[in-house]
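A.B. asks: Got a predicted structure here, sequence first:
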Amino acid sequence: MKTSHLLCLVLAIALGFATWKLVSSDSTASDTSSSEPSGNEAYDCIMTRSSCRSFTDARPTEEQIDSLLHAAMAAPTARNARPWQIVVITDREILDTIASTYKNIKMASEAPMAFVACGDLTIANEKGGDEFWDQDLSAVSENILLAAHSMGYGAVWCGIYPIQERVEFIQELLDLPKTVIPLSVIPIGQPKNPLSPKDKFDRSRVHYNGW
């Protein structure tokens, strides 16, 4: 009888352990699946992108820069206003001036180029999209980051708008019209060091059909 009880106890423990391993394995797979290649290039590009703040001297080719500009202007836009203007900076002196003026853009001193994504208020007002230009240009900025990553380059979004001091500084430095508002400066180049994407997913921030 004791032997029978002992055998049942051992089997129960073994079954419990096997069940725990199965649940643990499923949970781990669920938590890490976002970082594993999915076979979907667009999804993988999003999940593996990371901000780059250290660059080599290698600059995208003119063809690649043109592709980045096409990707930028493929962004969604309210009322089809397309209120964007993009300044391509390859001048070393300008990049160094930006880097030395603002700590949040100091990596521009290493970057071989940068894009400045700007909203044109004249165009936005004409097309009735004046309330949404900053959202349009945010989409433009994200498209640039993803397109650069897909080409093997690194990039980082450095905020300008809505800090008025930064807006005015970039306007003056680049001789922008007062109606053209710089939203972001995006240094781009070959990453000097390997990039490690962060897992930012938090299921507690997800809500269905209400809070």
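C.D. replies: Looks like it came in fine. In this text the structure is predicted, and so the values were computed from the model without any measurement.
A.B. asks: need the helices for the protein, in chain order.
C.D. replies: Secondary structure of the chain by DSSP state H: the helices cover 2-32, 41-48, 62-72, 92-101, 121-127, 133-150, 164-174.
A.B. asks: Point out where this protein drops to low pLDDT.
C.D. replies: Judged by pLDDT under 70, the chain has its weakly predicted residues at 1-35.
A.B. asks: mind checking the longest strand of it?
C.D. replies: strand 180-189 (DSSP state E).
A.B. asks: which helices and strands does it pack with?
C.D. replies: When contacts are defined as 3 or more CB pairs under 8 Å, 6 or more residues apart in numbering; DSSP states H and E, strand 180-189 sits against strand 113-120, helix 133-150, strand 154-155, strand 158-159, helix 164-174. All C-beta atoms are positioned from the backbone trio N, CA, C, and that covers glycine.
A.B. asks: Quick one, which of the ones you listed gets closest to Thr77.
C.D. replies: Closest approach to Thr77 among those (CB to CB): helix 133-150, 4.5 Å.
A.B. asks: Trp157 - how many residues pack around it?
C.D. replies: By other CB atoms under 10 Å, the residues close to Trp157 number 16.
A.B. asks: hmm, I was thinking of Arg92
C.D. replies: Applying other CB under 10 Å, I find that Arg92 has 11 neighbouring residues.
A.B. asks: quick one on the thing from earlier: tell me the most buried of the helices and strands packed on strand 180-189?
C.D. replies: strand 154-155 (a mean of 27; mean count of other CB atoms under 10 Å).
A.B. asks: Noted, bye for now.
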